[in-house]
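S.K.: Fold the following and give me the result.
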Amino acid sequence: MISSASLVASPASASQDDALVVENVSKRFGGALALNNVDLSVRRREVHGLLGSNGSGKSTLIKILAGFHAPEPGGRVRLFGRELDLPISGHSARELGLAFVHQHLGLIPTLSLTENLRISRLATAADWRISWRREHEAAAEVFRRYGLALDPRAATGSLSSVEQALFAIVRAVEDLRSSGAAHGLLILDEPTPFLPRVGVDQLFTLVRQVVADGASVIFVSHDVAEVMEITDRATVLRDGNVVGTLETRTASHDAFVERIVGRSVVPFHVHARVGAQKRPAARVDGLLAPGLGPISLEIGEGEIIGMTGLIGSGFDRVCSALYGDVRASAGRLAFETGTEIELSKTKPAYSLAAGIVYLPADRLGAAGVGGLSVLDNLMLPVLDQMQNRFGLDVGRMMRAASELGAAFQVKPNSPSMPLSSLSGGNQQKALMAKWLQTKPRLILLEEPTQGVDVGARQQLLASLDAAAKRGAAVLLASTDYDQLAQICHRVIVFARGQATAELTGARLNKATIAEHCYNSMARIA
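M.R.: The predicted structure is shown next:
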């Protein structure tokens with residue numbers, strides 16, 4: 001339980017000198033109350049966490065601060081002591097010192113770093129004459145100040161995901177400086193789900209530097225461990241209500257989880273770690289693909305094998321190469337039933353016909369179609385089963401989608417809604433349901449709980465374990481060492497495209513996985 005010592009004063013007693021004070025802010029969408037009299041205060045030079053499960057109201061609050069949504073009458077927002085008119089004008093908020101870095105970073109990949117860095121000023125400058133030499137030199141000086149080894153002339157799309165995230169933060173801070181804000185409030189809206197651990201460390205170093213320079217930061221995240229590492233205090237939302245603000249240094253991990261979920265959560269663990277004793281289901285021989293291989297491995301029936309490593313190690317290319325999404329140059333996938341697939345010739349359609357399903361990490365870009373309804377996404381793999389003599393049986397499809405939504409606890413369970421309108425965790429539940437309904441022989445997954453709240457995470461892992469118990473073999477690529485230790489029977493560590501270690505039994509824990517990842521390069525040097 002949470003001790004009273006961990007709780008801090010409400011914003012009603014917040015100082016006028018705080019960076020941000022939110023009072024009595026509510027928001028309705030139709031008849032649904034998304035935010036209910038929310039109070040929040042962020043101190044100057046503070047990193048303040050904002051947590052909550054999918055659908056808790058975090059995104060709605062951030063969009064109100066960004067000017068995308070108008071709150072209900074009666075709310076107040078003060079920024080550095082100045083009361084803001086509601087709804088907030090994005091332009092005036094920026095002038096007063098408010099900047100955002102969203103999960104989708106808003107960078108233009110074909111433009112240079114200098115152009116992306118200066119785009120706000122260049123778009124509004126009255127002088128059309130631009131000295132690109134001076135602009136590149138100024139950008140280089142900005143990067144030096146923040147310790148980033150970046151070429152101002154490089155195309156932004158050529159940067160790694162880590163470098164793009166760091167660059168987006170620097171751009172937001174520089175926008176605040178150029179607007180004349182003395183210090184500013186930077187809101188980082190889930191910046192880490194798509195970063196490896198080393199990238200998270202780099203991002204946190206930059207956040208600490210930004211705060212040391214005088215800024216305040218709101219850090220929005222699902223990851224309790226990250227919030228406890230980087231923040232001074234953190235506010236938890238549940239069902240649109242503030243359920244507590246905790247001092248990070250005195251609060252426990254369990255205290256955060258109980259407030260997020262509303263109850264204590266027992267972490268899911270796989271039913272047994274006896275992968276070596278399972279009957280063989282499939283074998284991969286001599287897989288070669290760009291930056292990968294040769295890889296050979298055997299997968300047991302009902303076995304969950306994790307694959308991990310540092311960024312660029314190749315573990316994240318195995319699933320796409322086996323599925324045919326990325327063309328392999330050599331290799332063979334053979335099932336115990338006699339089915340064999342030449343990996344250099346396979347395509348996703350062949351894989352599906354063989355009982356292989358693939359859930360990539362990019363939910364709305366590759367795994368699902370955000371603009372289509374949940375119904376359409378769920379039914380895509382089984383349309384041939386939804387026919388009657390007049391064509392598609394829409395009523396049957398709707399019933400099947402509703403049943404799947406209930407079974408996988410998709411909220412709201414409204415099949416007609418666009419997939420993109422669901423929270424990240426509920427999108428992932430729907431996409432998992434889409435493939436598991438086909439009762440596949442081999443399940444290929446990449447980062448299945450990335451950006452998913454702690455409660456939905458347990459549901460997803462449990463549904464994956466249930467599929468394994470029914471006999472499916474699972475290959476799971478992830479940089480989440482906790483997740484790998486929870487769900488996997490074996491974990492294979494990769495470096496430079498090769499498997500360097502296999503962890504089982506007592507060695508299958510977060511610390512040992514991390515140790516082998518960071519030592520893997522030395523073992524094949």
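S.K.: and Glu83, how many neighbours does it have?
M.R.: 10 (other C-beta atoms under 10 Å). (C-beta placed from N, C-alpha, C; glycine too.)
S.K.: Would you mind measuring from it to Leu98?
M.R.: Applying C-beta to C-beta, to the nearest Å, the value for Glu83 to Leu98 is 14 Å.
S.K.: cool, Glu23 as well?
M.R.: 17 Å.
S.K.: and the two? which has more neighbours close in?
M.R.: Shown here are Glu23 and Leu98; by other C-beta under 10 Å, Leu98 has more neighbours (28 against 18).
S.K.: Report pLDDT for the more buried one.
M.R.: Note on Leu98: pLDDT of 86.
S.K.: Could you give me the buried positions within the lengthiest helix in the chain?
M.R.: For the chain, the helix that runs over the most residues, judged by DSSP state H, is helix 161-178. Using 16 or more other C-beta atoms under 10 Å as the test for burial, helix 161-178 gives 162-177.
S.K.: for stretch 347-359, same thing?
M.R.: Across stretch 347-359, burial judged by 16+ other C-beta under 10 Å covers Ser351, Leu352, Ala354, Gly355, Ile356, Val357, Tyr358, Leu359.
S.K.: That stretch: how far from the chain's middle?
M.R.: Distance of stretch 347-359 from the chain centroid (C-alpha atoms, centre = their mean, to the nearest Å) equals 25 Å.
S.K.: Leu206 and Ile108: what is the separation?
M.R.: 21 Å.
S.K.: ok, those two, which is more surrounded?
M.R.: Under the neighbour definition other C-beta under 10 Å, Leu206 and Ile108 were set side by side, and Leu206 has more, 18 against 12.
S.K.: mind listing what that one touches?
M.R.: Listed by C-beta atoms under 8 Å, 6 or more residues apart in numbering, the contact set of Leu206 reads Tyr146, Gly147, Leu166, Ile169, Val170.
S.K.: Name the SS class of it, please.
M.R.: Secondary structure, DSSP: H, G, I helix; E, B strand; the rest coil: Leu206 is helix.
S.K.: Give me the pLDDT value at it.
M.R.: Listed pLDDT for Leu206 reads 85.
S.K.: isn't there a helix covering Lys345?
M.R.: No: when classified by three-state DSSP, Lys345 is found to be coil rather than part of a helix.
S.K.: and it, how many neighbours?
M.R.: Residues lying near Lys345 (other C-beta under 10 Å) number 10.
S.K.: again with Gly291
M.R.: 12.
S.K.: who touches Val42 in this structure?
M.R.: Asp18, Ala19, Leu20, Val21, His48, Leu185, Ser216, Ile218.
S.K.: how does it look with 10 Å?
M.R.: 11, 14, 18-22, 48, 50, 79, 185, 187, 216-218, 232-233, 235 (C-beta atoms under 10 Å, 6 or more residues apart in numbering).
S.K.: same deal with Thr114?
M.R.: Per C-beta under 10 Å, 6+ apart, neighbours of Thr114: 122, 132, 135-140, 142, 151-154, 156.
S.K.: ok, now with 6 Å
M.R.: Taking C-beta atoms under 6 Å, 6 or more residues apart in numbering, we find Thr114 in contact with Glu135, His136, Ala139, Pro152.
S.K.: Three-state assignment for the second one, please.
M.R.: Following three-state DSSP, His136 is assigned to helix.
S.K.: my read: it touches Pro152, true?
M.R.: Yes: assessed by C-beta atoms under 6 Å, His136 is found in contact with Pro152 at 4.4 Å.
S.K.: neighbour-wise, which of those two wins?
M.R.: Neighbours per residue, other C-beta under 10 Å: of His136 and Pro152, the larger number sits with Pro152, 21 against 18.
S.K.: is it true that that one touches Ala138?
M.R.: No: the pair Pro152 / Ala138 is not scored as a contact, 8.4 Å apart, by C-beta under 6 Å.
S.K.: After the longest helix of the chain, which helix or strand is next?
M.R.: Using DSSP states H and E, the next helix or strand after helix 161-178 towards the C-terminus is strand 185-189.
S.K.: what's the angle between that next one and helix 161-178?
M.R.: 150 degrees (axes from the mean of the first three to the mean of the last three C-alpha atoms, to 10 degrees).
S.K.: Point out the other helices and strands that strand 185-189 packs with.
M.R.: Under the contact definition 3 or more C-beta pairs under 6 Å, 6 or more residues apart in numbering; DSSP states H and E, strand 185-189 sits against strand 98-101, strand 216-220.
S.K.: hmm, try it at 8 Å
M.R.: Here strand 185-189 touches helix 58-66, strand 98-101, helix 161-178, strand 216-220, going by 3 or more C-beta pairs under 8 Å, 6 or more residues apart in numbering; DSSP states H and E.
S.K.: outside of that strand, which residues touch it?
M.R.: Residues contacting strand 185-189 (C-beta under 8 Å, 6+ apart): 19-20, 42, 59, 62, 65-66, 79-80, 97-103, 169, 172-173, 176, 207, 210, 215-220.
S.K.: Distance check, the residue sitting furthest away from the middle of the chain against Ala401.
M.R.: No residue in the chain sits farther from the centre than Arg389, which is 42.9 Å out by C-alpha atoms, centre = their mean. Arg389 sits 22 Å away from Ala401, going by C-beta to C-beta.
S.K.: Also Leu436?
M.R.: 14 Å.
S.K.: Let me see the domain layout of this protein.
M.R.: Per the record, the chain has its domains at 15-261, 275-355+440-523, by automatic domain parsing.
S.K.: a markdown table please, covering those and showing distance to Gly425.
M.R.: A markdown table is the format used below for these (distance: least, C-beta to C-beta, whole Å):
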| stretch | distance to Gly425 |
| --- | --- |
| domain 15-261 | 4 |
| domain 275-355+440-523 | 3 |
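S.K.: and Ala406, which of the ones you listed is closest to it?
M.R.: domain 275-355+440-523 (12.4 Å; C-beta to C-beta).
S.K.: quick one: average pLDDT of the closest one?
M.R.: 87.
S.K.: Quick one: distance of it to the chain centre.
M.R.: 20 Å.
S.K.: and if you look at stretch 238-248?
M.R.: The chain centroid and the centroid of stretch 238-248 are separated by 21 Å under C-alpha atoms, centre = their mean.
S.K.: So what touches that stretch?
M.R.: Taking C-beta under 8 Å, 6+ apart as the rule, stretch 238-248 contacts 2, 6-8, 10, 27, 33-40, 49, 52-53, 55-57, 60, 227-228, 231-237, 255-256, 259-262.
S.K.: Output it in CSV with nothing but the alpha carbons.
M.R.: Output of stretch 238-248 as CSV, limited to C-alpha atoms (Å, rounded to 0.1, in the frame of the first residue of the first chain):
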residue,chain,number,x,y,z
ARG,A,238,-7.0,6.7,-13.7
ASP,A,239,-10.4,6.9,-15.5
GLY,A,240,-9.9,10.7,-16.0
ASN,A,241,-9.2,11.4,-12.3
VAL,A,242,-6.0,12.3,-10.5
VAL,A,243,-5.5,9.5,-8.0
GLY,A,244,-2.2,10.8,-6.5
THR,A,245,1.0,12.7,-6.9
LEU,A,246,4.0,10.9,-5.5
GLU,A,247,7.5,11.9,-4.5
THR,A,248,9.5,9.5,-6.7
